[in-house]
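1. show me the folded form of this:
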Amino acid sequence: GRKIVSHQTNGFLSSQVVYYLLNFNLSPRQIWITRHGESKDNQLGRIGGDSELSENGVRYAKALTRFIDKQRRDWEAYQKHKELLRHFPPRPGDSTPPNPSYIPRDRPRNFCVWSSMMKRAVQSVEYFNEDEYDVKQMKMLDELNAGQMEGMTYDEIRRKYPEEYARRRRDKLYYRYPGPGGEGYLDVINRLRTVIVEVERMTDHVLLVGHRSVARVLLAYFRGLKRKEVARLDVPLGVVYMLEPKPYGVDFKTYRYNPETDWFDYIPNFELQQSPHKK
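-> Predicted coordinates:
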């Protein structure tokens with residue numbers, strides 16, 4: 001992890017691999033992924049659109065802020081404790097300096113909060129203190145655009161556009177919604193490439209608040225799933241996923257929001273599944 005040699009690298013794919021390797025790092029940090037809180041369109045079963053959060057969604061946004069605050073403090077406390085148990089140099093006579101990102105810091109590690117530019121996502125992160133978090137909105141994290149079917153329910157699409165409905169059910173990964181701005185999963189995968197490379201490059205914590213299609217692509221990438229599994233991944237509202245890069249794999253944890261306690265319950269031994277629904 002100290003040196004990369006690239007010689008006569010030509011072509012798009014090989015150049016992208018080199019670019020990825022130059023930006024990849026194993027600095028200790030956490031990557032959090034979640035969907036926005038429940039929106040008013042979610043309550044009505046409508047896809048796309050740009051509606052605001054429902055009352056339940058606002059509660060989720062507030063709880064998410066408190067939860068991430070606590071997780072951030074707990075992580076810092078653990079890192080300080082681990083630092084006390086570590087001794088440099090690790091072996092007698094080893095004068096190699098440690099990775100700069102591993103050096104103890106006097107201040108907490110920076111924490112980025114990135115959301116899409118849609119109302120329901122922006123409102124889901126509005127309770128984070130911008131003096132303590134680097135809050136930004138990104139167009140790349142927007143939901144898949146349903147083109148002329150934006151704001152419709154799946155039942156409405158099935159009745160009004162039966163052929164399109166059937167086409168999408170047959171091949172959801174390669175399907176693209178008709179109409180101006182209509183997208184498919186391959187479009188979402190393509191526009192999220194820059195976000196993924198930036199997350200791999202950075203040494204800060206990051207919380208990504210997006211939408212169902214976005215969460216599916218991000219989780220599929222970080223969990224090493226096959227492309228054919230992306231479009232039907234079960235990613236419900238109210239669930240937060242945590243990934244912590246390690247030298248040999250990724251530590252993966254999942255938490256589900258509990259409306260009764262207004263807090264998040266840890267789900268042990270969680271594995272991503274394919275959704276039983278066709279959404």
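
2. so which residues make contact with stretch 175-187?
-> With contacts defined as C-beta atoms under 8 Å, 6 or more residues apart in numbering, stretch 175-187 is touched by 144-149, 164, 167-168, 172-174, 213, 216-217, 230-231. Any C-beta I mention is one placed from the backbone N, CA and C, and that applies to glycine too.

3. again, only this time at 7 Å
-> Residues from elsewhere that reach stretch 175-187, judged by C-beta atoms under 7 Å, 6 or more residues apart in numbering: 144-149, 164, 167-168, 172-174, 213, 230-231.

4. mind listing what's buried along it?
-> Along stretch 175-187, these residues count as buried under the neighbour rule (16 or more other C-beta atoms under 10 Å): 175-177, 182-185.

5. from these, which two are the most distant?
-> Between all members of these, the longest pairwise span (C-beta to C-beta) is found for 182 and 185 and amounts to 12.1 Å.

6. picking up where we left off before, please spell out the ChimeraX selection for the buried subset of the contacts of stretch 175-187.
-> Of those, the buried ones can be selected in ChimeraX as follows, counting by 16+ other C-beta under 10 Å:
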select :144,145,146,147,148,149,164,168,172,213,230,231
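
7. narrow the contacts of stretch 175-187 to those in helices?
-> 164, 167-168, 213 (DSSP state H).

8. ok, so of these, who is nearest residue 19?
-> For those, with residue 19 as the reference and C-beta to C-beta as the criterion, the closest is residue 213, at 24.6 Å.

9. the closest one: what's it in contact with?
-> Taking C-beta under 7 Å, 6+ apart, we find residue 213 in contact with 143-144, 185, 188.

10. export the buried residues of stretch 175-187 to TSV and tack on pLDDT, secondary structure and distance to residue 35?
-> As requested, the buried residues of stretch 175-187 are arranged in TSV below (pLDDT from 0 to 100; DSSP: H, G, I helix; E, B strand; the rest coil; distance: C-beta to C-beta, whole Å):
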residue	pLDDT	secondary structure	distance to residue 35
175	96	coil	21
176	96	strand	22
177	96	coil	19
182	95	coil	21
183	96	coil	17
184	96	strand	19
185	97	helix	16
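
11. mind putting these in JSON lines, distance to residue 264 included?
-> As requested, these are exported to JSON lines (distance: C-beta to C-beta, whole Å):
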{"residue": "175", "distance to residue 264": "34"}
{"residue": "176", "distance to residue 264": "35"}
{"residue": "177", "distance to residue 264": "33"}
{"residue": "182", "distance to residue 264": "35"}
{"residue": "183", "distance to residue 264": "31"}
{"residue": "184", "distance to residue 264": "32"}
{"residue": "185", "distance to residue 264": "28"}
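
12. closest to residue 154 out of those?
-> Ranked by distance to residue 154 (C-beta to C-beta), these are led by residue 177 at 12.4 Å.

13. if we can go back for a sec, farthest pair within the contacts of residue 213?
-> The most widely separated members of the contacts of residue 213, counting by C-beta to C-beta, are 143 and 185 (11.8 Å).

14. please name the bridge partners of residue 53.
-> On DSSP bridges, the residues paired with residue 53 through beta bridges are residue 39.

15. now do it against residue 4, distance only.
-> The gap separating residue 53 from residue 4 is 44 Å, by C-beta to C-beta, to the nearest Å.

16. the more surrounded of those two?
-> When residue 53 is set against residue 4 and neighbours are counted by other C-beta atoms under 10 Å, the residue ahead is residue 53, at 23 against 9.

17. who's in contact with that one?
-> With C-beta under 7 Å, 6+ apart as the criterion, the residues that contact residue 53 are 37-39, 61, 120, 123-124.

18. likewise for residue 125?
-> Residues in contact with residue 125 (C-beta under 7 Å, 6+ apart) are 113, 115, 135, 209.
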